[in-house]
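Colleague: my questions are about this predicted structure, shown below with the sequence.
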Amino acid sequence: MTASTSTPAPSTLTALITGANRGIGFEIARQLGSEGWRVLMACRDPERGDQAVGALAALDYDVELVELDVSDPIAIERVRDDLDGQLDVLVNNAGISLSGFNEDVARRTLAVNYWGPRRLTEALLPKIPAGGRVVHVSSGMADESTLPEPLRKRFADPTLDPAGVDALMDKFVRSLADGTAREQGWPNNAYRVSKVGLNALTRALARSRDDISFTAVCPGWVKTDMGGEKAPRTIEQGADGIVWAAREADQAASGGYFRDRSPCSW
């Protein structure tokens with residue numbers, strides 16, 4: 001973790017944002033930084049991370065680079081051990097979308113989109129005080145209404161805990177390994193399953209803690225490297241709801257799924 005050039009005042013709020021070197025993650029960092037937050041910009045590529053941090057530091061924002069590959073459990077442990085002080089907000093933004101659909105694609109997709117947020121949240125929760133917030137960047141593809149009813153009921157089970165969501169994600173990968181994914185009703189898109197799992201994790205975490213707010217936010221289809229130029233929404237529009245959740249989501253919002261600052265149906 002690279003030290004910032006200034007020491008934050010005790011009242012300064014601190015946020016850690018994954019995938020912060022570009023796109024929506026960078027915009028979240030820019031908006032929070034402009035409001036005086038201390039922003040830890042977690043990036044997998046240190047060179048690109050340095051460039052992103054430098055761009056915001058030039059505006060006199062209080063930013064630091066955190067080198068982190070969210071798919072690497074050892075890197076997550078290192079960030080946990082190196083993080084000084086409390087963390088007011090964690091934004092799990094980093095994500096990938098891969099072409100193809102097989103066991104390898106599923107494992108690689110879930111490693112970043114599900115297991116990354118799962119492990120990082122678990123590792124950093126002891127650093128988050130009562131009233132803190134965890135924001136998961138989700139997707140419109142996480143809509144559970146189109147899942148076959150048996151699978152939908154499993155994800156919607158009000159007793160499902162984080163370990164139970166883990167088990168469902170493992171079951172998805174095993175179904176691809178043994179060729180039973182279609183008969184079990186799994187969507188043929190690993191990105192979609194990863195976001196369904198992330199939303200279910202949001203609900204499960206909210207049930208497990210009543211002192212921290214956990215929300216999932218859909219940014220919409222945004223003009224990013226992933227979304228492409230045909231996407232109708234700007235990066236600023238995509239980041240707005242996430243920044244709102246980071247600043248304002250309270251216990252009444254915990255466990256909720258939002259878009260444009262308004263609740264979405266699961």
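Modeller: Good, I have the coordinates.

Colleague: straight-line length of stretch 77-96, end to end?
Modeller: 21 Å (Cα to Cα, to the nearest Å).

Colleague: no, scratch that, I was asking about stretch 63-76
Modeller: Stretch 63-76 end-to-end distance (Cα to Cα) = 19 Å.

Colleague: what's the answer for stretch 117-132, then?
Modeller: Using Cα to Cα, the two ends of stretch 117-132 sit 16 Å apart.

Colleague: residues of it that come out buried?
Modeller: P117, R118, R119, L120, T121, A123, L124, L125, K127, I128, G132 (16 or more other Cβ atoms under 10 Å). For the C-beta atoms, the positions are set from N, CA and C on the backbone; glycine is no exception.

Colleague: let's see which of those end up in helices.
Modeller: Counting by DSSP state H, the buried residues of stretch 117-132 place P117, R118, R119, L120, T121, A123, L124 in helices.

Colleague: next up, the contacts around the fifth one.
Modeller: Applying Cβ atoms under 8 Å, 6 or more residues apart in numbering to T121 gives the contacts L90, N92, V134, L205.

Colleague: which one of the ones in helices among the buried residues of stretch 117-132 is nearest to G49?
Modeller: Of all those, G49 sits closest to L120, with 16.2 Å by Cβ to Cβ.

Colleague: bridging residues for the residue nearest the centre of the chain?
Modeller: With distances taken as Cα atoms, centre = their mean, N92 lies nearest the centre of the chain, 2.3 Å away. Counting by DSSP bridges, N92 is bridged to H136.

Colleague: any idea of the pLDDT on G228?
Modeller: Looking at G228, its pLDDT stands at 73.

Colleague: can you pick out the most distant pair from the ones in helices among the buried residues of stretch 117-132?
Modeller: R118 and L124 (11.6 Å).

Colleague: give me the common contacts of these two.
Modeller: Counting by Cβ under 8 Å, 6+ apart, R118 and L124 have no contacts in common.

Colleague: now intersect the contacts of T121 with the strands, please.
Modeller: The members of those that map onto strands under DSSP state E are L90, N92, V134.

Colleague: which residues touch the last one?
Modeller: Yep, that's V134 we're talking about. V89, L90, N92, T121, L125, I128, L205, I212, S213, F214, T215 are the contacts of V134 under Cβ under 8 Å, 6+ apart.

Colleague: which one among the residues you listed gets closest to R107?
Modeller: R107 has its nearest neighbour among the contacts of V134 in N92, at 18.7 Å by Cβ to Cβ.

Colleague: the protein: helices as residue ranges?
Modeller: 23-34, 46-57, 73-82, 103-113, 115-124, 149-156, 162-178, 181-184, 190-208, 235-248.

Colleague: got the ones you listed as a markdown table, with mean pLDDT columns?
Modeller: Putting those into a markdown table (pLDDT from 0 to 100) gives the following:
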| stretch | mean pLDDT |
| --- | --- |
| helix 23-34 | 97 |
| helix 46-57 | 97 |
| helix 73-82 | 98 |
| helix 103-113 | 98 |
| helix 115-124 | 98 |
| helix 149-156 | 95 |
| helix 162-178 | 98 |
| helix 181-184 | 96 |
| helix 190-208 | 97 |
| helix 235-248 | 94 |
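
Colleague: which of the ones in strands among the contacts of T121 sits closest to G25?
Modeller: N92 (10.1 Å).

Colleague: wait, isn't that closest one in contact with P117?
Modeller: Yes - N92 lies in contact with P117 (Cβ atoms under 8 Å); the separation is 3.7 Å.
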